[in-house]
Every structure is written in structure tokens, then in C-alpha cells.
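J.: Model the following, please.
(one chain, ligands or ions: 1)
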Amino acid sequence: MRGGACEWNPADATPARPWRLVLLGAPGVGKGTQAELLADHLGAVHLSTGDLFRAAKQADSARSAAMEEALQYMRRGELVPDDIVIRLVEERRACLRLPCGFLLDGYPRTVAQAEALDRLLEREGLVLDGVLDYELPLDEVVRRLSGRRTCARCQAVFHVDTRPPRREGVCDHCGGPLFQREDDRPEAVRVRMEVYQRSTAPLIDYYRQRKLLIPVPAHGTPQEVFARSLELLNGRHPGAAVTAATPISAA
Ligand code: AMP
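T.: I've put the predicted structure just below:
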């Protein structure tokens, strides 16, 4: 779903039993980085609704009225209305059926979206294996977000302190210019944190009640959090033990 299409390469090895996971966590906890590491390791497709909106924002082609409206909310750091997001995901339901499994990053964000996802999965005959919830104290979240820089061309993410690019303001991967996302600016960050508390935190209860919640402490380096995630996933999935991450010293 990244960039508006499934980034799945059928030549990739399909795992014996696909993982179907949701990733939760406040903005800035490193959820997107973990989603990429996990998608590579588990062979699952990474589906991000935030990436979908960002791709639409940058696309030259005409946007639907619904997408224009969605982007207005996004620019203010607010959640896009449920009916618009639910419809966008429904339109891309073929991605959920891929035999490689999926990692949903940034969706669902509200209980209404979680209920819509349950209905969609039920219709498709699919079940979730777990919901990884990345947890971090608020002051650490704010520090991480204000230093984040994104590549305008390939969307790679850097941090001025913890993951600086080799050349200031330039992407290591494609040489594109780095910028601060509109919704990473301080005023939008405050709104996003409030929105998260109000709308997304109830999801934690929703998934805890369904025995799907897997809390993951998100402090430490991305590799440390990744290794922790794999350890916690182990045993969740009948018939598919997760191999350990590359040792941190060798990463
Ligand atoms: P993200 O990159 O996941 O933080 O998403 C960036 C922005 O896209 C959010 O601040 C929202 O404005 C919008 N967005 C992404 N996913 C959703 C969703 N599931 N529900 C509502 N708004 C969303």
C-alpha cells in the first residue's frame, strides 16, 4: 500500500505461514522503522496509510475530492475522518490477501477503524496474529519527532541526533533533499499527541480484550527494539517460530 500500490515482489520467498500484524504506537516511537525491519525479516508486505496520504500529496495527477479533504486534515496534524480512511483501505483489500502476510502501520487508528478492519478480515477469511504496541515516555517522543527529517524523494527517515545523514540535508540513499514533515513541526506534534491519546489509546484496550495485544518497550536503538519485537512474537504463531534478529554487534 506504500506509494499507493502493494510493494510485494512475488519472487520473494513466501513464508511457510504468513504473519498478519498491526503496529500501534504514538507518533515518534519508531513504529515505521520497526515496520520496515519486520517486513524484511518476516517477508510480509508493509502497509502504511500515512505513506498513502503522503504519496497522494506529492502526486502530480488529479486527486479525488475525498483525498483533497483527507490531506487538509493531515496538514493540520489531525486524523483523517474514519469513513475516508476505511474506504481507502477497503479499496486496497487485495493487499491484505497477499500470501506473504502484512504489517499494518498507522491503521487502524480508532476503534471504528479496528471494527471495520475486523469485518474486512472476516469477509476475507483472515485472522490477525497480534498487535505490537510500541511504548515510550512522552518527553522522549517529542525529542524524537522534532529532530526527524524525511527524504522528499524516497521517503527515507533520518534524525538529526540519532540517525544523521552523511551530508546534512541530503538523503544517504538517493541524494534527495531532506525536509521536516509539516506534521512534525511543534504545533502539529502537540495536536497529534492529543489526538493519539484521545483516539488511538482506546485501541489498546480493544486489542487487549481480544488477547492480541503485545506491548513492546520502545527505548534503545532500532536494532534493540527489533530484537525485542521478534522475541515477543515468538510463540504467538502456531507452527512458525521467528528466527532471531542479526546480533546487534554485527548489525
Ligand atoms: P503517520 O505517518 O501514520 O503518522 O500518518 C500521518 C498522518 O496521516 C496522520 O497524522 C493523519 O493525518 C493521517 N493518517 C494516517 N493514517 C490514518 C488513519 N488510519 N486514520 C486517520 N488518519 C490517518
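
J.: Can you classify the residue of the stretch 1-150 of the chain found nearest the ligand by secondary structure?
T.: Residue nearest to the ligand within the stretch 1-150 of the chain: residue 50 (2.2 Å; Cβ to the nearest ligand atom). For glycine as for every other residue, the C-beta is placed from the backbone atoms N, C-alpha and C. With DSSP: H, G, I helix; E, B strand; the rest coil as the basis, residue 50 sits in helix.

J.: Now for it, how many residues are close by?
T.: 20 (other Cβ atoms under 10 Å).

J.: List the residues that contact it.
T.: Residue 50 is in contact with 32, 105-106, counting by Cβ atoms under 8 Å, 6 or more residues apart in numbering.

J.: at 7 Å what do you get?
T.: By Cβ atoms under 7 Å, 6 or more residues apart in numbering, the residues touching residue 50 are residue 106.

J.: Please report how far it lies from residue 168.
T.: Residue 50 is 25 Å from residue 168, where distance means Cβ to Cβ, to the nearest Å.

J.: Likewise for residue 74?
T.: 27 Å.

J.: next one: residue 232
T.: In this view, residue 232 and residue 168 are 36 Å apart by Cβ to Cβ.

J.: Give me the more crowded residue out of these two.
T.: Higher neighbour count among residue 232 and residue 168: residue 232, with 16 against 10, using other Cβ under 10 Å.

J.: Burial check on residue 204, number of neighbours?
T.: Other residues close to residue 204 by other Cβ under 10 Å number 15.

J.: Residue 201 now?
T.: Residues lying near residue 201 (other Cβ under 10 Å) number 11.

J.: in which helix or strand would I find it?
T.: Using DSSP states H and E, residue 201 maps to helix 201-209.

J.: For the residue nearest to the spatial centre of the chain, give me the backbone phi and psi.
T.: For the chain, the residue nearest the mean C-alpha position is residue 105 (2.5 Å; Cα atoms, centre = their mean). Reported as degrees, to the nearest 10, the phi and psi values for residue 105 are phi -120, psi 110.

J.: pretty sure it contacts residue 46?
T.: Yes: when contacts are counted by Cβ atoms under 7 Å, residue 105 is listed as touching residue 46 (6.2 Å).

J.: Any regions of the protein where pLDDT drops low?
T.: For the chain, residues meeting the criterion pLDDT under 70 lie at 1-16, 60, 237-251.

J.: so the residue of it most remote from its centre bridges to which residues?
T.: Largest separation from the mean C-alpha position in the chain: residue 167, at 26.6 Å (Cα atoms, centre = their mean). Going by DSSP bridges, residue 167 is paired in beta bridges with residue 170.

J.: Quick one: residues contacting the residue nearest to the centre of the chain.
T.: 23, 31-32, 35, 46-48.

J.: Identify the contacts common to residue 105 and residue 46.
T.: residue 35.

J.: Tell me which stretches of this structure form helices.
T.: Using DSSP state H, the helices found in the chain span residues 31-42, 49-58, 65-75, 82-91, 93-96, 111-124, 138-146, 186-195, 201-209, 222-233.

J.: most neighbours per residue, which of those?
T.: Ranked by mean neighbour count, the helices of the chain are led by helix 31-42 with a mean of 21 (mean count of other Cβ atoms under 10 Å).
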